[in-house]
Structures are given as structure tokens and as C-alpha cells.
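Enquirer: Sequence and predicted model, in that order:
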Amino acid sequence: MKVSELEAQGSQEGTSNGAEETGCNVEELEAPLKAKEQEIHSLRSQKPDAEDLESERYSIWEKLQVPHSSITLFLCF
């Protein structure tokens with residue numbers, strides 16, 4: 001064989017071997033990535049909605065308010 005043929009054959013073998021190694025690396029990286037995506041999804045589903053929190057805050061605030069008529073009656077006595 002000529003040197004150029006051997007070089008061509010070597011580069012072809014190196015390319016296919018490199019692709020296989022890269023494929024393994026991608027698969028190894030995908031597993032932790034999917035786990036993190038699931039964790040993010042789980043945490044987002046647990047986070048309360050801002051509108052719900054605002055309405056709950058307003059409801060509690062209303063319950064804590066003293067009616068003006070009660071204050072007036074208290075001051076008159």
C-alpha cells in the first residue's frame with residue numbers, strides 16, 4: 001500500500017471511532033440533563049401562582065380590617 005492510501009484509511013477509521021466516542025459522551029450528558037429538566041418542572045409545579053397569592057393576601061387584609069362604624073361607636077363612649 002502507498003502512504004497516501006494508509007493515511008486515508010487511518011483517517012476514515014479515526015472518524016468512525018471518534019463518532020462512536022462522541023455518541024457515548026452525548027448519551028452520558030443527556031441523562032443528567034433530563035434529570036435536571038424533570039427537577040425544574042417539579043419545582044415549577046410546586047411554586048404558587050402570583051395571582052393566587054395576591055388574592056389570598058387581599059382576603060386576609062380584608063378580614064383584619066375593622067369596620068369604620070365600630071371605631072366610631074368605640075370613640076363615642
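Expert: Yes, it's here. Numbers count the residues shown, from 1 in each chain.
Enquirer: where along this structure do the helices fall?
Expert: 3-46, 50-64, 68-76 (DSSP state H).
Enquirer: which stretches of this structure have low pLDDT?
Expert: By pLDDT under 70, the weakly predicted segments of the chain are 1, 11-24, 66-77.
Enquirer: And Asp49, its phi and psi?
Expert: The phi/psi pair for Asp49 (degrees, to the nearest 10) reads phi -70, psi 140.
Enquirer: That one: neighbouring residues, count only.
Expert: Neighbours of Asp49 under the rule other CB atoms under 10 Å: 8. For glycine as for every other residue, the C-beta is placed from the backbone atoms N, C-alpha and C.
Enquirer: which residues does it contact?
Expert: Shown in contact with Asp49 (CB atoms under 8 Å, 6 or more residues apart in numbering): no residues.
Enquirer: What separation do you get for it and Ser55?
Expert: The gap separating Asp49 from Ser55 is 9 Å, by CB to CB, to the nearest Å.
Enquirer: now swap in Glu28 and tell me
Expert: 46 Å.
Enquirer: Could you do Lys36 as well?
Expert: For Lys36 relative to Ser55 (CB to CB), the value is 32 Å.
Enquirer: Also Gln46?
Expert: For Gln46, the distance to Ser55 - CB to CB - is 19 Å.
Enquirer: And for Leu64?
Expert: 15 Å.
Enquirer: which of the two has more neighbours?
Expert: Taking other CB under 10 Å, Leu64 and Ser55 do not tie; Ser55 has more neighbours (11 against 7).
Enquirer: mind listing what the more buried one touches?
Expert: No contacts exist for Ser55 under CB under 8 Å, 6+ apart.
Enquirer: ditto for Leu6
Expert: Per CB under 8 Å, 6+ apart, neighbours of Leu6: none.
Enquirer: before we move on, what about Ser42?
Expert: Contacts of Ser42 (CB under 8 Å, 6+ apart): none.
Enquirer: where's it relative to Lys2, distance?
Expert: 61 Å.
Enquirer: What of Glu56?
Expert: In terms of CB to CB, Glu56 sits 81 Å off from Lys2.
Enquirer: Look at the two and report which has more neighbours.
Expert: Glu56 (11 against 7).
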